[in-house]
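Novice: Need a 3D model of the following:
(one chain, ligands or ions: 1)
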Amino acid sequence: MKKDCHGYWNQHEYATYNNLTGKYIVLQKVAENFVAAHDYCQKIGGFLVSIHSEEENKFITDFIRSKFSTGSDAYIGLVRVEANSSWIWEDGQSFTYENWNPTEPNNAGGIENSVEIVATGEHGGWNDIPNHFVKTVVCQVQCSIELKTEAQAEKPQEDSSEGPQ
Ligand SMILES: [Ca+2]
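Specialist: A predicted model of the protein is given here:
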């Protein structure tokens, strides 16, 4: 049974509609690593979020801070497909806006190919991080895409070899 997409996300505790993009921002409190973060967004019919302006960045930062009292640092959809290659948004949008924290991206240890938004700080600056960190997740979901319910998303996936144990 399909639910109404807008109705579903409007009632979801960790979702909010972003007027700037026409998409919902959906949070998952904890993912075991980048692959789990990526998979969660895909299973609910979206992507890890892409961010294209200071206003969007602030909107997301404020939403995370409103949901988690201490704020939380969270995976966004900016990635390097290979070490030292350029940054790309997972959803295919152009990389035009950036909000790195001072001295970032520093690619510490040469293994920082994912990015977190540091919402424990009001500025919501970005930091490149390794793929194995436990983090909150920021997804974007557009209602024209077929809705998958959270119940479907939580079903174990037989074909997922990278899932958290
Ligand atoms: Ca870093």
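
Novice: and the longest strand for this protein?
Specialist: strand 23-31 (DSSP state E).

Novice: what ranges do the strands span in the chain?
Specialist: Going by DSSP E, the chain shows strands at 15-18, 23-31, 47-48, 73-75, 78-79, 88-89, 114-118, 125-129, 135-141.

Novice: What parts of the chain come near the ion?
Specialist: Neighbours of the ion within the chain, by CB under 5 Å from the ion: Glu104, Asn106, Glu112, Asn127, Asp128. Backbone N, C-alpha and C define where each C-beta goes, glycine included.

Novice: What's the local residue count around Ser144?
Specialist: 9 (other CB atoms under 10 Å).

Novice: Could you number the chain from 15 rather than 1 from now on?
Specialist: Sure, I'll start counting at 15 from here, so that last one is Ser158.

Novice: What does the pLDDT read for it?
Specialist: Note on Ser158: pLDDT of 78.

Novice: likewise Asn71?
Specialist: 98.

Novice: From what I see, it and Phe77 are in contact.
Specialist: No: Asn71 is not in contact with Phe77 according to CB atoms under 8 Å; the separation is 11.0 Å.
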